[in-house]
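> requesting a structural model of the entry that follows:
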Amino acid sequence: MSLLANIIGFSFFGLAARMGQLSIQGRNLYSNPGGHLLSMGAFGAIGYYAYKWETYSESLLAKKRKEILERRQRAMATAE
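Here you go, the predicted model:
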């Protein structure tokens, strides 16, 4: 998933969470648009860091898999 799609998806989830919160409280959904923007911004930031963590963890896993493969090959070479 691309970075922009991740940020937008998390932002819309933040908007839905905010509207759900206001509907549970029985308040007007459109009374404070600043709260909606704040919620979307916060969830968008979470989406940004989730994307960055995903790319970082993929690189760590690829590096670890490479190390494990090299160790197995060395172990097979010494066993023969």
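> and stretch 70-80, C-alpha only, in CSV?
Output of stretch 70-80 as CSV, limited to C-alpha atoms (Å, rounded to 0.1, in the frame of the first residue of the first chain):
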residue,chain,number,x,y,z
GLU,A,70,23.8,-17.9,5.1
ARG,A,71,24.1,-19.8,8.4
ARG,A,72,22.2,-22.8,7.0
GLN,A,73,24.5,-22.9,4.0
ARG,A,74,27.6,-22.7,6.2
ALA,A,75,26.2,-25.5,8.4
MET,A,76,25.4,-27.7,5.4
ALA,A,77,28.9,-27.1,4.0
THR,A,78,30.6,-28.0,7.3
ALA,A,79,28.3,-31.1,7.8
GLU,A,80,29.5,-32.5,4.4
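> quick one: distance of that stretch to the chain centre.
Stretch 70-80 sits 38 Å away from the centroid of its parent chain (Cα atoms, centre = their mean, to the nearest Å).
> repeat for stretch 23-43
Its chain's C-alpha centre and that of stretch 23-43 lie 22 Å apart, by Cα atoms, centre = their mean.
> just the buried residues of that stretch, please?
For stretch 23-43, burial by neighbour count (16 or more other Cβ atoms under 10 Å) applies to 36, 39, 40, 43. The way it works is simple: take the backbone N, C-alpha and C, and place the C-beta from them, glycine included.
> can you flag which of the residues you listed belong to helices?
Taking DSSP state H, the ones among those that sit in helices are 36, 39, 40, 43.
> want to throw those residues into TSV with pLDDT and distance to residue 64?
As requested, these are exported to TSV (pLDDT from 0 to 100; distance: Cβ to Cβ, whole Å):
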residue	pLDDT	distance to residue 64
36	94	41
39	95	37
40	96	36
43	97	31
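> nearest to residue 5 among those?
residue 43 (13.9 Å; Cβ to Cβ).
> contact partners for the closest one?
10, 11, 13, 14, 15, 17 (Cβ atoms under 8 Å, 6 or more residues apart in numbering).
> between the buried residues of stretch 23-43, which is nearest residue 24?
residue 39 (14.2 Å).
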